[in-house]
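Undergrad: Please find the sequence and the predicted model below.
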Amino acid sequence: RAVIVGGSRLYNATTTAASSDLSTITGTVGSETLTLTGSGTIGNANVGLNKSIALGSINLGDGSNGGLASNYSLSSGTLTVNKRTLNATLAREYDGTTSGAGSSLASLTGLQGGETLSLTGSGTVQSKNVGDNKSVTLGSLTLADGTGVASNYSLSSAAMNVTQRSVILSGSRIYNGTSTAASSDLSTITGTIGSETLNLTGSGTLSNANVDSNKSVRLESIALSDGSNGGLASNYRVASASVSVTPRVLRLSGVRSKTRGSRVVASNELRLSNTIPGERLIVNGSGLIPNTKHSVVHRLQLGSLSIANGTGSASNYTLSGGNHEFKINFSRKNHVKEKMNAFKKLGKRLFVKAPAPPTPNVVAVVAAPRAAPAAGPRASPSAAGPAPGGGGATNSSGPAGGGDSAGASPGGASNDSSGEGSAQDESEADD
């Protein structure tokens, strides 16, 4: 008696129709049963209904209830190949959304024969935060061909692992003589989502204390903490950190008190400040001030001033951008000394002695002896008046002229002397 075999199996990427896949034998009598051994083949491996089997080595075997294989013959067989279900695992870093995009596919469980597939569309998870095996509502997630054919499979379920998002820390600080990188030095956190912010605690270390750009930081106790706008530290991790150490700005200052000097300020007149305690530097060259007015704090131009290594390294410091000042602040006593020295250099004397006044020429006037009166009658008193008057005019002429001469010369010498004194005052007033 002829029997027909049939059955079904899930897609397995082969064309084999194993006897174990053929669960139905149609045509036996009554309750008799038969068994099958061997295998056949189907035309292709893909999913399909009632695919014809080339019987190959499939043979009937004795069954139960009196079913003897010798009483039957195998005429044909068919096999239905069904889609194999797959489970998808998605994985991505925290992105602040509940989306589970097909592009985040990490694996598909159930693929056959080394085949690959991809996913398109997207599903959703209940929470945006970091977590493992988060159930995904499939939404528009769909299988797509890879090296395998998507129509041979169906997507049964999906789960998503949301991992911590990597952030990078960076910042800068001024050279401070240590290799410590404090969390406060790391002012920039790159990689956070949207407006979310994070805070930092702890500190790390640098390989050395010296000035350099983007120095790698060993994280040590540096840790993220919750920030604002939904920024949760648990959704992030620190991938790396770097700090740029910039030169420390120095300040030059000084006071010149013994002399006014010139506009040029020598390095030995200056004091260096804002170095790290215990570090010493050498100042070379000279600077320049706008003028030499005293009792004024002048802005010091650097000119050729520079710093060199001492116990500290000059490359960790800079004079650029510093507030450099110099003051000329000498006393009145030193001011006078300086003026005297200046006059001496010019071959002049500070004080000039006034010339002695000329000695006046005094003319002695001797009265003429009175003439004896002529014989005859005495002259009346009134008649004798004119004679004394004439003598008075003669007596007074010489002394009067001599008195004027004696008074003129001393006055001239006094003016010359005053003129020298005025010149001295003018010189001091200019200062």
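TA: Yes, it's here. Numbering: from 1, shown residues only.
Undergrad: ok, what's across the strand from the residue nearest to the spatial centre of the chain?
TA: The structure's the chain has its C-alpha centroid closest to Ser172; by C-alpha atoms, centre = their mean the separation is 4.8 Å. Ser172 forms beta bridges with Ser244, as assigned by DSSP bridges.
Undergrad: Show the contacting residues for it.
TA: Asp185, Ser187, Val243, Ser244, Val245, Thr246 (C-beta atoms under 8 Å, 6 or more residues apart in numbering). Every C-beta, even on glycine, is put in place using the N, C-alpha and C of the backbone.
Undergrad: Quick check: the second one touching Gly171?
TA: Yes: with contacts defined as C-beta atoms under 8 Å, Ser187 counts as touching Gly171 at a distance of 4.3 Å.
Undergrad: Look at these two and report which has more neighbours.
TA: More neighbours surround Gly171 than the other of Ser187 and Gly171, with 19 against 13 (other C-beta atoms under 10 Å).
Undergrad: tell me the contacts of the more buried one?
TA: Contacts were defined as C-beta under 8 Å, 6+ apart; by that measure Gly171 touches Asp185, Leu186, Ser187, Thr188, Val243, Ser244.
Undergrad: Turn these into JSON lines, including pLDDT.
TA: As requested, the contacts of Gly171 are exported to JSON lines (pLDDT from 0 to 100):
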{"residue": "Asp185", "pLDDT": "98"}
{"residue": "Leu186", "pLDDT": "98"}
{"residue": "Ser187", "pLDDT": "97"}
{"residue": "Thr188", "pLDDT": "98"}
{"residue": "Val243", "pLDDT": "98"}
{"residue": "Ser244", "pLDDT": "98"}
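Undergrad: Save these as TSV, and put in distance to Thr41 too.
TA: TSV is the format used below for the contacts of Gly171 (distance: C-beta to C-beta, whole Å):
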residue	distance to Thr41
Asp185	71
Leu186	67
Ser187	70
Thr188	65
Val243	69
Ser244	70
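Undergrad: Quick check on these: which are buried?
TA: With burial judged by 16 or more other C-beta atoms under 10 Å, the buried subset of the contacts of Gly171 is Asp185, Leu186, Val243.
Undergrad: With respect to Arg251, which of those residues is nearest?
TA: Nearest to Arg251, judged by C-beta to C-beta, of the buried ones among the contacts of Gly171 is Asp185 at 22.8 Å.
Undergrad: The closest one against Val243, yeah?
TA: Yes: with contacts counted by C-beta under 8 Å, Asp185 reaches Val243, the gap being 5.5 Å.
Undergrad: Quick check: neighbours shared by those two?
TA: Residues touching both Asp185 and Val243 (C-beta under 8 Å, 6+ apart) are Gly171, Ser172, Arg173.
Undergrad: residue ranges with poor pLDDT in the stretch 301-431 of the chain?
TA: When residues are selected by pLDDT under 70, those of the stretch 301-431 of the chain lie in 331-343, 345-431.
Undergrad: Export the regular element (helix or strand) spanning Ser213 to PDB, keeping only CA atoms.
TA: Ser213 belongs to strand 212-216 when assigned by DSSP states H and E. Extracted in PDB, the C-alpha atoms of strand 212-216 (Å, rounded to 0.1, in the frame of the first residue of the first chain):
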ATOM      1  CA  ASP A 212      52.600  72.100  28.900                       C
ATOM      2  CA  SER A 213      49.400  71.800  26.800                       C
ATOM      3  CA  ASN A 214      46.800  69.000  27.200                       C
ATOM      4  CA  LYS A 215      48.700  67.000  29.900                       C
ATOM      5  CA  SER A 216      47.000  63.700  30.600                       C
END
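Undergrad: Can you list the buried residues in the next helix or strand after that strand?
TA: As assigned by DSSP H and E, the chain's next helix or strand after strand 212-216 is strand 223-226. By neighbour count on 16+ other C-beta under 10 Å, the buried set for strand 223-226 is Leu224.
Undergrad: how far does stretch 230-243 stretch from start to finish?
TA: Using C-alpha to C-alpha, to the nearest Å, one end of stretch 230-243 lies 27 Å from the other.
Undergrad: what sits up against that stretch?
TA: Contact partners of stretch 230-243, identified using C-beta under 8 Å, 6+ apart, comprise 94, 96, 129-130, 164-173, 181, 185-186, 191-192, 196-198, 204, 206, 214-217, 219, 222-227.
Undergrad: could you redo the last one with a cut-off of 7 Å?
TA: Under the criterion C-beta atoms under 7 Å, 6 or more residues apart in numbering, residues 94, 129-130, 164-173, 181, 185-186, 192, 196-198, 204, 206, 214-217, 219, 222, 224-226 lie in contact with stretch 230-243.
Undergrad: again, but for stretch 307-327
TA: 175, 210-211, 247-255, 265, 275-276, 279-284, 289, 296-300, 302, 305.
Undergrad: are any of those residues buried, and which?
TA: By 16+ other C-beta under 10 Å, the contacts of stretch 307-327 give 175, 211, 247-248, 250-254, 265, 275-276, 279, 281, 283, 289, 298, 300, 305 as buried.
Undergrad: Among the residues you listed, name the ones in helices.
TA: Secondary structure from DSSP state H places none of those in helices.
Undergrad: before we move on, the earlier item: can you tell me which of the contacts of Gly171 is nearest Ile42?
TA: When those are ranked by distance to Ile42 (C-beta to C-beta), Thr188 comes first, at 63.0 Å.
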